[in-house]
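A.B. asks: Any chance you can model this:
(2 chains)
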Amino acid sequence: MTVRVGRSALPGLPLTLAVTSTWVTLIVLIPLAALALRPWSLGPVGVWQAISGPRVVAALRLSFGAATLAAAINVPLGLLVAWVMVRYRFPGRRLADSLIDMPLALPTAVAGIALTALFAPQGWIGSLLAPLGVKVAYTPLGILVALVFVSLPFVVRTLEPVVMDLPADAEEAAATLGATRAQVLWRVLLPALAPALLAGFGAALARGLGEYGSVIFIAGNMPMISEIAPLLIVIRLEQLDYAGAAALALVMLLASCVLLLLLNLLQGRMRSHAP
Amino acid sequence: MPASSPTRRTLLGASLGLLARAGRLAAAERALLNASYDPTRELYREVNPAFIAHWQAKTGDRLVINQSHGGSGAQARAVLEGLQADVVTLALAADIDALAKRGLIAPDWQARLPDNAAPYTSTIVFLVRSGNPKHIRDWPDLVRSGVTAITPNPKTSGGARWNFLAALAWAQRQPGASPASAEDFMRELFRHVPVLDTGARGATNSFAQRGLGDVLIGWENEAWLVRKQFGADAYDIVYPSLSMLAEPPVAVVDKVVDRKGTRGPATAYLEFLYTPQAQTIVGKHFYRPRDPAIAARYAARFPALPMVTIRDFGGWQAAQARYFADGGLFDRIFTPGR
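C.D. replies: As a prediction, the model looks like this:
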């Protein structure tokens, strides 16, 4: 029997690889390259000016801060939802399951308008919060609410298959060995779930960073306070400042790239150390 | 050398002939696209059928007029990026200037039609809740403690730029006013603005549907429309002591009409806006007619008030650079510690 060296065992690899790389190039790389090239007509100094003003910095801080916070909130909540969906059978489970996907299907503008109507000072929830001095709509808190809403399904859907694959016998074995419930959670379940939790966090973060439609209605959009970076990009486009808009977009792109890369690395490391 | 064979040439000739005939058929029913800003929806819905009938009576040609609406700046950008609009009817001359600067429209566009190419005008007014509970009469009332005002973001909304300039015009004309005092007034004014919507319609919704703010600064035509839609007893219109003469201009997009061969109907369409028939429709939809005779008929609806024009600010180009460009007055009033 002869062994052919350097050939993958997978059939059709050259063809599929060619299709994949062409497709990725066409759909992802070329638009991103065009974006990356665009700002430099301003010159290095112009690009620096376009991305370093106090308003830009405030908007970037808000966008990354709110997206990170929303993803962090959705990790424990998403885990809970995924856990309940996978482990328990209850009436209305299918309905609840499809409701989780609603934020994906709903046009984001509709979500934004609905949330604003609820949380505005005269809305159902907003009117209850107003006497407590809590303002949600038209504040950064409103941005957080919108981002939590749109990014929840990403965490739940990332975690569900992993929770499904969790061997129940590992928990049972831990219990027979005398572990308390908290110990089972901390020592057995969470380590096994950690990579998926991180992946869910990354997906929610990415979703939150790019979100525009829902946020724009609830944010209030005040410069320095509740103005997200994507809005600043739109504002620059409105002023026909394509290069300035692209410069800001490039910053967001690079920062998200680095963040997601770090998350992926961390996830890979966790997998390889997994018990 | 393989020259095209006679048969192929006949085929080519025949298909060209067919194409030409199809073209002539299409010419009998031509379509115009009017790219306009948000609040003109209702106006052009009524103007268009009137012009179509007028054009058919005059030439026998049947026209179709399609409308596209959006924020004025966004519409200008769409045309710039290839939206095949035969005419633009936008909120401010700066947006059409942007098209002229990039060669889509002749630089002298504003001189091609009467009245700075603005067939109707409007002004900036206050819309307050019924009975005017906060006693808002004029600009300084907007910065009293406890008053909140709604106005959209001038970076994204053409209407908001008129609002901004109207407030600024008042501040600049107070006794002892200086550029610094005017800037302070504007900073104070925007401290009383809880939300900056991206467009005029969004601001109207915040005010009327979300119940936000004590006063909406906005187009007179939009204020009347709100009263019409939400009930005249729900809101009052307050005219400040000084406002802007807002001149929403119109222009034929030369590049597009020359390619499509629609210059004739497109030009006639814009000229039609100045006829008594169209001017009556203009007045009906709460825009101020240019035609003095028609305007007189709507005099009760449109009280006279002192107004400054964009020329008092040195034209849009100067105003844009001084107030709305990056680092301009609007940016400065939001950046702490100048």
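
A.B. asks: low-scoring pLDDT stretches of the stretch 101-250 of chain A, where are they?
C.D. replies: Of all residues in the stretch 101-250 of chain A, none has pLDDT under 70.

A.B. asks: For it, list the residues in contact with chain B, please.
C.D. replies: When proximity is defined by CB under 8 Å from any CB of the partner chain, the stretch 101-250 of chain A lies next to chain B at A:116-117, A:120-123, A:137-138, A:216, A:220-224, A:231, A:234-235, A:237-241, A:244. C-beta here means a position set from N, CA and C on the backbone, and glycine is covered the same way.

A.B. asks: Now do the buried residues in stretch A:168-176.
C.D. replies: Buried positions in stretch A:168-176, judged by neighbour count with 16 or more other CB atoms under 10 Å in any protein chain shown: A:E171, A:A174.

A.B. asks: what do you get for stretch A:210-220?
C.D. replies: The neighbour-count check on stretch A:210-220 (16+ other CB under 10 Å) flags A:E211, A:G213, A:S214, A:V215, A:I216, A:F217, A:I218, A:A219, A:G220 as buried.

A.B. asks: how close does B:A94 get to chain A?
C.D. replies: Shown here: B:A94 relative to chain A, a distance of 10 Å by CB to the nearest CB, to the nearest Å.

A.B. asks: Enumerate every residue touching that residue.
C.D. replies: B:A94 is in contact with B:G158, B:R161, B:W316, B:Q317, B:A319, B:Q320, counting by CB atoms under 8 Å, 6 or more residues apart in numbering or on different chains.

A.B. asks: So it versus B:D233, what's the distance?
C.D. replies: Distance, B:A94 to B:D233, by CB to CB, to the nearest Å: 37 Å.

A.B. asks: Not counting residues beside it along the chain, what's closest to A:G202?
C.D. replies: A:L263 (4.0 Å; CB to CB, 6 or more residues apart in numbering or on different chains).

A.B. asks: just B:F51 next, same as before
C.D. replies: Take B:F51 and drop its neighbours on the chain: the residue closest to it by CB to CB, 6+ apart is B:F272, 4.9 Å away.

A.B. asks: next one: B:F190
C.D. replies: Closest residue to B:F190 apart from its sequence neighbours, by CB to CB, 6+ apart: B:I333 at 5.7 Å.

A.B. asks: give me the number of residues near the one you found?
C.D. replies: 20 (other CB atoms under 10 Å in any protein chain shown).

A.B. asks: I figured the residue nearest to B:F51 hits B:Q279, correct?
C.D. replies: No - using CB atoms under 8 Å, B:F272 is not in contact with B:Q279; the gap is 10.0 Å.

A.B. asks: now the residue nearest to B:F190: how far from B:G231?
C.D. replies: Going from B:I333 to B:G231 by CB to CB gives 35 Å.

A.B. asks: quick one, helices of the stretch 101-250 of chain B?
C.D. replies: If DSSP state H, counting those that start in this stretch is used as the criterion, the helices of the stretch 101-250 of chain B fall at B:114-117, B:158-172, B:179-191, B:200-208, B:220-230.

A.B. asks: for A:I225, what are its contacts?
C.D. replies: Listed by CB under 8 Å, 6+ apart, the contact partners of A:I225 are A:A58, A:T139, A:P140.

A.B. asks: need the contact list for the residue nearest to B:F190.
C.D. replies: B:I333 makes contact with B:E183, B:M186, B:R187, B:F190, according to CB under 8 Å, 6+ apart.

A.B. asks: closest to A:Y88 among the contacts of A:I225?
C.D. replies: Nearest to A:Y88 among the contacts of A:I225: A:P140, at 35.5 Å, using CB to CB.

A.B. asks: Skipping adjacent residues, who's closest to that closest one in space?
C.D. replies: Spatial nearest neighbour of A:P140, chain neighbours left out: A:S226 (5.3 Å); criterion: CB to CB, 6+ apart.

A.B. asks: Report the contact partners of that neighbour.
C.D. replies: By CB under 8 Å, 6+ apart, the residues touching A:S226 are A:L62, A:Y138, A:T139, A:P140, A:G142, A:I143, A:A219, A:G220.

A.B. asks: Below-threshold pLDDT in the stretch 201-338 of chain B: ranges please.
C.D. replies: In the predicted model, the stretch 201-338 of chain B carries pLDDT under 70 at residues B:336-338.

A.B. asks: Point out the residues in it that sit beside chain A.
C.D. replies: By CB under 8 Å from any CB, the residues of the stretch 201-338 of chain B that approach chain A are B:Q209, B:R210, B:G211, B:L212, B:F324, B:A325, B:D326, B:G327, B:D331, B:F334, B:T335, B:P336.

A.B. asks: Buried ones from those residues, can you make that a PyMOL selection?
C.D. replies: The buried subset of these, as determined by 16+ other CB under 10 Å, is captured in PyMOL by this line:
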select buried, chain B and resi 210+212+324+326+331+334
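
A.B. asks: Brilliant, that's me finished.
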